[in-house]
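**Q** coords below, sequence missing:
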């Protein structure tokens, strides 16, 4: 059994096989050669894992982000934040952080943020006197905030894998996301002062109101999504569907940037994404079921208790594992592979599973831009035409900021849990 | 095969847009008219199931499956080719295996005439997505394997023809 569920998946993963195939091979070998169960359980679990209304939020949020990302929404958000930032030192850098955070509250797809915000901000930052190394590091890393600030696709998948409530996870992600954004913004201000980068134009109420009016429809999306969920109006799935309709109406009829063909093309892209991700979710469901019926998580908890590992040591070890895994695997696959194993362990030492969801998400967010293989690095390279060496050098200070934030988020659970309690009480 | 996959992708995209509209209509109905479309949730989930399994077949055809391929890039070309062949063989075999199991299950649904609880949709329709999806993935793998063998044969012939 340990070969089928432990050794085989690692070997196939290292050989570069598709992740769903890795899981499927493991469960088939376990079912056919070691467990001798009726083979109908394979179909039942593949189907049963996907047969969940909450999972619909994944394609719905992706579609809303696809629609919003195809028009001028990013430019409108950038103009709005820039007008609000005024003459703060490093105003263009701070604008990048703010626009990425707001865009994250619309789409939740990190690579899309790097591409859309980066295309607008890189030329502006060049004109503003920022070295490419700094701009590249900022743009590449700041997109990772998007999977921490709700709506977040990895949090939906974690919620499903850990049987945790998505609204609770979303509420818990707000403060950590804002904390990271604030830490990056503070570094940008310090950097701009130190390198004598000219500040932007002073704040003008008229300019700000004009930018706010231009971006009002785009800014309405996060208000609808988060306001709807925490106002008790929609479930996350319904909020995602409403966001899709809103995005289609705004980009088609208000901004008049997308035609019907574009709207169908965005739906086709969403179909491909769904096919990529949900087939892994289905196979991971069978894998997790096999782990449970073979009592693997329970055995790991017993082993952990025998070792007498403290909560601090366990969380440190898990952070290291997740950071390493995040360098090689996309967040959704990593969550599906590791959550069934890690959640029983952290529960055994008294860690809240909502708090743990945020720890997992922040770790895997770092993996999105962690050298050498973070996906956002390659997005920045191809979309922004930057050299890899420039991006790698630029990322280092931002990586350190994220790691500092990760330590705070890991060891101060209140950063995650206070936001959750406040938002859920308000709802 | 390309035409078939494009057609599947387009049909799923339209069905997905229908699911979005259905969900939105349900919200509007609940708040605007105090009524819900009871069967809407089931239908949306079944559309997602079709998107997941048939979408995976389209993803297989376009070779877009998520994988950890950072290490593979450093392997020599011959090793990469051998791995690709092994992957296609495993894909055809395992997907074929799931197709058979899922088809048996779906056939049982047809015989038992099971219907969904609210919408009354015959359950062989959503269950059939698993069989059809994996069947198509197996077909794609065989198609790709045949292509790989053809290219290999062509390159061997051209090597032999070289003076």
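**A** On my side now, so go ahead. Small disclaimer: the values here were computed from a predicted structure and weren't measured.

**Q** Tell me, what's the model's pLDDT at the residue in chain B positioned nearest to chain A?
**A** Residue nearest to chain A within chain B: residue B:55 (2.5 Å; C-beta to the nearest C-beta). Using the backbone N, CA and C atoms, a C-beta is placed for each residue, glycine as well. Looking at residue B:55, its pLDDT stands at 96.

**Q** so it sits right up against residue A:270, yeah?
**A** No. With contact defined as C-beta atoms under 8 Å, residue B:55 does not reach residue A:270; the gap is 9.2 Å.

**Q** thinking again about what came up before, run through the residues that contact the residue of chain B closest to chain A.
**A** Residue B:55 makes contact with A:271-272, A:274-276, A:278-279, B:9, B:12, B:133, according to C-beta atoms under 8 Å, 6 or more residues apart in numbering or on different chains.

**Q** what does residue A:237 give?
**A** Shown in contact with residue A:237 (C-beta under 8 Å, 6+ apart): A:53-54, A:56-57, A:60, B:23.

**Q** which residues touch the spatially most central residue of chain A?
**A** What sits nearest the mean C-alpha location of chain A, by C-alpha atoms, centre = their mean, is residue A:147, with 1.9 Å. Residues in contact with residue A:147 (C-beta under 8 Å, 6+ apart) are A:104, A:108, A:110, A:153-155, A:331, A:361, A:364-365, A:368.

**Q** among those, which are in helices?
**A** Those of the contacts of residue A:147 mapping onto helices are A:104, A:110, A:153-155, A:331, A:361, A:364-365, per DSSP state H.

**Q** which one of these sits closest to residue B:114?
**A** residue A:153 (32.4 Å; C-beta to C-beta).

**Q** if I look at the closest one, how far off is residue A:397?
**A** 27 Å (C-beta to C-beta, to the nearest Å).

**Q** swap in residue A:149?
**A** 21 Å.

**Q** and the longest helix along chain B, average pLDDT?
**A** Longest helix of chain B, by residue count under DSSP H: helix B:124-161. Taken as a whole, helix B:124-161 has a mean pLDDT of 86.

**Q** Out of the ones in helices among the contacts of residue A:147, which comes closest to chain B?
**A** Nearest to chain B among the ones in helices among the contacts of residue A:147 is residue A:331, at 10.5 Å by C-beta to the nearest C-beta.

**Q** from what I can see the closest one touches residue A:369, true?
**A** No. Counting by C-beta under 8 Å, residue A:331 does not reach residue A:369; the two are 11.9 Å apart.

**Q** Secondary structure element holding residue B:14?
**A** According to DSSP states H and E, residue B:14 maps onto helix B:2-32.

**Q** same question, residue A:117
**A** Per DSSP H and E: helix A:110-127 holds residue A:117.

**Q** Can you read off the pLDDT for the residue of the stretch 251-400 of chain A at minimum distance from chain B?
**A** Minimum separation of the stretch 251-400 of chain A from chain B (C-beta to the nearest C-beta) falls at residue A:275, amounting to 2.5 Å. Note for residue A:275: predicted pLDDT of 92.

**Q** Same question for residue A:352.
**A** Per-residue confidence for residue A:352 comes out at a pLDDT of 93.

**Q** Chain B contacts on the stretch 151-300 of chain A?
**A** Contact residues (C-beta under 8 Å from any C-beta of the partner chain) of the stretch 151-300 of chain A with chain B: A:233-234, A:237-238, A:241-242, A:244-245, A:263-264, A:267-268, A:270-272, A:274-282.

**Q** before we move on, back to that, hmm, who's touching the helix holding residue A:117?
**A** Around helix A:110-127, the neighbours that count as contacts under C-beta under 8 Å, 6+ apart are A:65-66, A:69, A:73-75, A:77-78, A:92-93, A:95-96, A:99-100, A:103-104, A:107, A:132, A:134-136, A:138-140, A:142-144, A:146-147, A:365, A:368, A:375-376, A:379-380, A:383-384, A:386.

**Q** Okay, and which of the residues you listed map to helices?
**A** Short answer: the contacts of helix A:110-127 in helices (DSSP H) are A:65-66, A:69, A:73-75, A:77-78, A:92-93, A:95-96, A:99-100, A:103-104, A:132, A:134-136, A:138-140, A:142, A:365, A:375-376, A:379-380, A:383-384.

**Q** which stretches of chain B have low pLDDT?
**A** In the predicted model of chain B, residues B:155-163 satisfy pLDDT under 70.

**Q** 90 instead, please
**A** B:1-2, B:27, B:30-38, B:64-81, B:119, B:147-163 (pLDDT under 90).

**Q** count of neighbours near the nearest residue to residue A:60 once chain neighbours are set aside?
**A** In space, and not counting its chain neighbours, residue A:60 is closest to residue A:240: 3.3 Å by C-beta to C-beta, 6 or more residues apart in numbering or on different chains. When neighbours are defined as other C-beta atoms under 10 Å in any protein chain shown, residue A:240 has 28 of them.

**Q** Now for residue A:240: which residues touch it?
**A** A:56-57, A:60-61, A:64, A:151, A:225.

**Q** so which helix or strand takes in it?
**A** helix A:236-249.

**Q** Return the distance of the helix or strand just after that helix from the chain's centre.
**A** Using DSSP H and E, the next helix or strand after helix A:236-249 towards the C-terminus is helix A:260-293. Computed by C-alpha atoms, centre = their mean, to the nearest Å, the chain-centroid distance of helix A:260-293 equals 16 Å.

**Q** go on, stretch A:351-369?
**A** That offset, for stretch A:351-369, works out to 9 Å (C-alpha atoms, centre = their mean).

**Q** can that stretch be found next to chain B?
**A** No. Stretch A:351-369 lies out of reach of chain B by C-beta under 8 Å from any C-beta, never closer than 11.7 Å.

**Q** Please work out how many residues are found near residue 139.
**A** The chain I'm using is chain A. Around residue A:139 there are 32 other residues, counting by other C-beta under 10 Å.

**Q** other chain: chain B
**A** 19.

**Q** again with the one 3 residues further on
**A** Number of residues near residue B:142 (other C-beta under 10 Å) recorded here: 16.

**Q** can you check residue A:341 too?
**A** Residues contacting residue A:341 under the criterion other C-beta under 10 Å number 13.

**Q** Mind giving me the packing neighbours of the helix or strand residue A:184 falls within?
**A** Here residue A:184, judged by DSSP H and E, is contained in helix A:166-194. Applying 3 or more C-beta pairs under 8 Å, 6 or more residues apart in numbering or on different chains; DSSP states H and E, one finds that helix A:166-194 contacts helix A:91-104, helix A:132-142, helix A:153-161, helix A:205-230, helix A:236-249, helix A:353-367, helix A:388-411, helix A:414-426.

**Q** any idea which element the residue nearest to residue A:298 when sequence neighbours are not counted lies in?
**A** Closest residue in space to residue A:298, ignoring its immediate chain neighbours: residue A:344 at 7.0 Å, by C-beta to C-beta, 6+ apart. In this structure, residue A:344 sits in helix A:331-348 according to DSSP H and E.

**Q** And that helix, how far out from the chain middle?
**A** Counting by C-alpha atoms, centre = their mean, helix A:331-348 comes out at 16 Å from the chain centroid.

**Q** Any buried residues in it, and which?
**A** For helix A:331-348, the neighbour count (16 or more other C-beta atoms under 10 Å in any protein chain shown) marks A:331-340, A:342-346, A:348 as buried.

**Q** do stretch A:346-359 as well
**A** Applying 16+ other C-beta under 10 Å to stretch A:346-359 flags A:346, A:348-349, A:351-359 as buried.

**Q** what's the burial count for residue 126?
**A** Defaulting to chain A. 13.

**Q** hmm, I had chain B in mind actually
**A** So residue B:126, with other C-beta under 10 Å, has 24 neighbours.

**Q** what's near enough to touch it?
**A** For residue B:126, the contact set (C-beta under 8 Å, 6+ apart) comprises A:47, A:51, B:45-46, B:49-50, B:116.

**Q** which one of those residues sits closest to residue A:186?
**A** For the contacts of residue B:126, the nearest to residue A:186 is residue B:45 (44.6 Å; C-beta to C-beta).
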